[in-house]
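Enquirer: pasting the structure only:
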């Protein structure tokens, strides 16, 4: 696998894992009964994107390492 292809695969995998991780641990304003005036009741109270980005990077790195190991010749 060449470097540009590896970077493209990692980037694509990272976004897929991020979209899978987004709903975990999110509580809406309606569930928390803590409404901010002018916002939708379904809006998240705290999305914690930094933590999700870090977890996404770690999971994607492990998946990419497994893929690289399987594909190496």
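Expert: Received it, and whenever you're ready, just let me know what you need. Model, not experiment: these values are computed from the prediction.

Enquirer: just how off-centre is the longest helix along the chain within its chain?
Expert: When the chain is parsed with DSSP state H, its longest helix is helix 49-71. The chain centre lies 10 Å from the centre of helix 49-71; the measure is C-alpha atoms, centre = their mean, to the nearest Å.

Enquirer: likewise for stretch 59-73?
Expert: In terms of C-alpha atoms, centre = their mean, the centre of stretch 59-73 is found 18 Å from the chain centre.

Enquirer: what do you get for stretch 36-46?
Expert: The answer for stretch 36-46 is 21 Å, by C-alpha atoms, centre = their mean.

Enquirer: may I see the buried residues of it?
Expert: residue 44 (16 or more other C-beta atoms under 10 Å). Yep, even glycine has a C-beta here, placed from its N, CA and C like the rest.

Enquirer: which residues touch the helix or strand of the chain with the lowest mean pLDDT?
Expert: Scoring the helices and strands of the chain by mean pLDDT, DSSP states H and E places helix 29-32 at the bottom, with a mean of 80. With contact meaning C-beta atoms under 8 Å, 6 or more residues apart in numbering, helix 29-32 is reached by 35-36, 39-45.

Enquirer: and with 6 Å instead?
Expert: 35, 41, 43, 45 (C-beta atoms under 6 Å, 6 or more residues apart in numbering).

Enquirer: and the furthest pair within those residues?
Expert: Using C-beta to C-beta, those span at most 10.8 Å, a distance reached by 41 and 45.
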